[in-house]
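Asker: Okay, sequence plus prediction incoming.
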Amino acid sequence: MNKLLSLTFFVLLLSGQLFGQLTSLDTLAKLPMELKEASALVLGKNGALWTLNDSGNQPMIYQIDVNGNILHKTFIANAYNVDWEELTIDPNGNLYFGDFGNNRNDRKDLKIYIVNEKLLLTKDTATAEIITSRYPDQRNFPEEAAHRNFDMEAMVFYNKKLVLFSKNRTEPFTGYSYVYNLPSTPGDYIAEKVDSIYLGEGPRELYQVTAADLSPDGKNLILMSYD
């Protein structure tokens, strides 16, 4: 992603109902080359915008403005960017960034890092708290093609928990996103599989979940796909 964009496709879950909607595209700004692989965006409690780069880049959290300018960046000293994918935030300003991208469905080192944004605003280097996890229904690494639904790119903070939505890589494509809960405190956990959502039969680019967010009142959930 090399631009700061509005949502292009989203799914709204409103009062238990599922809606798909195509929206128009509004370009706000171009991001600098240092953020050429930006893969997440979240609005902080103090009005800051936070983002990060995708896999293989430095373990860095960036503060940017609405024009795409980098205002501050913080190196996370005890982290490694295997495949960073998503950011979310809790009411206390704790940022959670998910190193759970799992394209081949073969990872056993899934992590979520936690750093408070007050620390990020004042420090050039910070140490994160860490959540490690695994999925209760994954048996093989990698899974067979028909069961590859353990990639993650979407996460929200809700009701004191982290809620994760899988990016479906099954072949043939089933159209389901798995929903897992994790505690929001540091530790090692087996994720709780709480539900699945059928989004559509394909093409997969329309129905693979690549980001998630909640409305400010916590009542509306938005899931975004590629297209």
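Answerer: Yes, it's here. Computed from a predicted structure; not experimentally measured.

Asker: looking at it, residue 115 is touching residue 128, isn't it?
Answerer: Yes: Residue 115 lies in contact with residue 128 (Cβ atoms under 8 Å); the separation is 4.8 Å. Where C-beta positions appear, they are placed from N, C-alpha and C, glycine not excepted.

Asker: so what sits against both of these two?
Answerer: Applying Cβ atoms under 8 Å, 6 or more residues apart in numbering, one finds that residue 115 and residue 128 are jointly contacted by residue 76.

Asker: all helices in the chain, in order from the N-terminus.
Answerer: Assigned by DSSP state H, the chain shows helices spanning 117-122, 204-207.

Asker: could the ones you listed go into a markdown table alongside mean pLDDT, distance to residue 163 and mean neighbour count?
Answerer: Formatted as a markdown table, the helices of the chain follow (pLDDT from 0 to 100; distance: least, Cβ to Cβ, whole Å; neighbours: other Cβ atoms under 10 Å):
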| stretch | mean pLDDT | distance to residue 163 | mean neighbour count |
| --- | --- | --- | --- |
| helix 117-122 | 95 | 20 | 16 |
| helix 204-207 | 92 | 19 | 19 |
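
Asker: among these, which is nearest residue 223?
Answerer: Distance to residue 223, taken as Cβ to Cβ, is lowest for helix 204-207 among the helices of the chain, at 9.5 Å.

Asker: what comes into contact with the closest one?
Answerer: In contact with helix 204-207 (Cβ under 8 Å, 6+ apart) are residues 9, 168, 173, 175, 199, 200, 201, 225, 226, 227.

Asker: then that helix to PDB, C-alphas only?
Answerer: Output of helix 204-207 as PDB, limited to C-alpha atoms (Å, rounded to 0.1, in the frame of the first residue of the first chain):
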ATOM      1  CA  ARG A 204     -11.200 -14.700  -3.400                       C
ATOM      2  CA  GLU A 205      -9.900 -11.100  -3.700                       C
ATOM      3  CA  LEU A 206     -13.400  -9.900  -2.800                       C
ATOM      4  CA  TYR A 207     -13.700 -12.100   0.200                       C
END
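
Asker: if we can go back for a sec, tell me which of the contacts of helix 204-207 is nearest to residue 74?
Answerer: Of all the contacts of helix 204-207, residue 74 sits closest to residue 226, with 29.1 Å by Cβ to Cβ.

Asker: Provide a list of residues in contact with the closest one.
Answerer: Residue 226 makes contact with 9, 205, 206, 208, 210, according to Cβ under 8 Å, 6+ apart.

Asker: The fourth one and residue 167 touch, don't they?
Answerer: What that stands for is residue 208. Yes: when contacts are counted by Cβ under 8 Å, residue 208 is listed as touching residue 167 (5.0 Å).

Asker: Quick test: name the residue nearest the centre of the protein.
Answerer: Nearest residue to the geometric centre of the chain (Cα atoms, centre = their mean): residue 86, 2.4 Å.
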